[in-house]
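Visitor: Based on what follows, work out the 3D shape:
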Amino acid sequence: MPDPDRDDWTTPRTEVDYETQALERTSYVTAIVHLYRGEVARANAWRMRLDQTTNWAIFVTASALGFAFNNKEASHFSLQFANVLLFFLLTFEARRFRFFDVWRARIRKIESNFFGPILRRDLASPEDEWALQVATDLDQPHFHVTRLQAMRSRLVRNYLPIFGVVFVAWLIKLDIHPVPTTSPRELYDRCAVGTVPSWVTLGLVGGFYVLLLAILLFGRARKRLPGMDNWDIGEIVKEERL
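Guide: Numbers count the residues shown, from 1 in each chain. Below you'll find the predicted structure:
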């Protein structure tokens with residue numbers, strides 16, 4: 001028994017050296033399972049934020065339609081103002097989607113290289129260094145999609161039908177309010193907003209929908225060469241952005 005009167009007496013401690021000690025398979029599997037559960041929880045939290053932003057967009061659209069059609073004297077440009085708000089929500093949701101995709105990418109990497117082989121009873125993972133990629137991303141997280149790709153993804157999935165509804169409603173508003181039009185010339189004249197001539201209004205509206213078309217065309221995911229990954233195409237995720 002150690003002598004408590006000795007000056008060099010210390011309490012023995014048992015330490016685990018994770019750098020040199022071999023990692024047991026059960027410990028490895030347990031660590032992966034807990035990591036997976038944590039990533040799923042964070043992905044679900046960001047997914048709920050995505051749904052919340054989409055609900056805001058639907059509310060804005062419903063409010064704009066109600067305002068425009070409940071009052072015959074309301075300007076048709078109120079619907080185009082709604083498009084401005086919707087585009088702001090689109091950019092906001094695209095930002096949230098980029099964060100969601102950080103966790104989703106890790107989840108898919110673990111599912112395809114860890115759980116997939118186990119379920120197939122083939123313990124050879126499709127990717128040799130998948131665990132290193134996940135570990136590196138845990139150390140320095142990167143966005144896996146660009147801003148433009150994120151905007152296109154949310155536009156195709158949710159906002160394209162919403163913008164389409166607003167556009168059709170705008171045409172109907174021009175045609176029937178305050179009374180139905182009788183000629184294409186009258187429809188053109190109604191495009192004017194106050195002192196702003198019709199051609200300026202049509203140019204702004206056309207430019208907006210050309211912008212949406214450009215996002216659809218140029219926001220496609222880049223084709224990857226064999227052996228390449230898209231885990232480092234975006235900037236580093238900083239703590240203050242979370």
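Visitor: Going by C-alpha atoms from here, please, whenever you check contacts or count neighbours.
Guide: OK.
Visitor: now Pro197: how far from Ala150?
Guide: 35 Å (CA to CA, to the nearest Å).
Visitor: between those two, who's got more neighbours?
Guide: Ala150 (24 against 14; other CA atoms under 10 Å).
Visitor: Give me the three-state assignment for the more buried one.
Guide: Three-state assignment for Ala150 (DSSP: H, G, I helix; E, B strand; the rest coil): helix.
Visitor: tell me the centre residue of the chain?
Guide: Phe97 (1.4 Å; CA atoms, centre = their mean).
Visitor: Can you tell me which helices and strands the one helix or strand it maps to packs against?
Guide: Using DSSP states H and E, the element containing Phe97 is helix 77-110. Counting by 3 or more CA pairs under 8 Å, 6 or more residues apart in numbering; DSSP states H and E, the packing neighbours recorded for helix 77-110 are helix 25-70, helix 130-139, helix 147-154, helix 160-176.
Visitor: Tabulate those (JSON lines), appending distance to Phe115 and mean pLDDT.
Guide: Putting the helices and strands packed on helix 77-110 into JSON lines (distance: least, CA to CA, whole Å; pLDDT from 0 to 100) gives the following:
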{"stretch": "helix 25-70", "distance to Phe115": "9", "mean pLDDT": "91"}
{"stretch": "helix 130-139", "distance to Phe115": "13", "mean pLDDT": "87"}
{"stretch": "helix 147-154", "distance to Phe115": "27", "mean pLDDT": "93"}
{"stretch": "helix 160-176", "distance to Phe115": "35", "mean pLDDT": "92"}
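Visitor: Just name the most buried of those helices.
Guide: When neighbours are counted by mean count of other CA atoms under 10 Å, the highest per-stretch mean among these falls to helix 147-154, a mean of 21.
Visitor: That helix: how far from the chain's middle?
Guide: 7 Å (CA atoms, centre = their mean, to the nearest Å).
Visitor: Which residues does it contact?
Guide: 90-91, 93-95, 97-98, 215-216, 218-221 (CA atoms under 8 Å, 6 or more residues apart in numbering).
Visitor: can you put those in JSON lines and add pLDDT?
Guide: Output for the contacts of helix 147-154, formatted as JSON lines (pLDDT from 0 to 100):
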{"residue": "Leu90", "pLDDT": "96"}
{"residue": "Thr91", "pLDDT": "95"}
{"residue": "Glu93", "pLDDT": "95"}
{"residue": "Ala94", "pLDDT": "95"}
{"residue": "Arg95", "pLDDT": "93"}
{"residue": "Phe97", "pLDDT": "93"}
{"residue": "Arg98", "pLDDT": "91"}
{"residue": "Ile215", "pLDDT": "95"}
{"residue": "Leu216", "pLDDT": "94"}
{"residue": "Phe218", "pLDDT": "91"}
{"residue": "Gly219", "pLDDT": "86"}
{"residue": "Arg220", "pLDDT": "83"}
{"residue": "Ala221", "pLDDT": "72"}
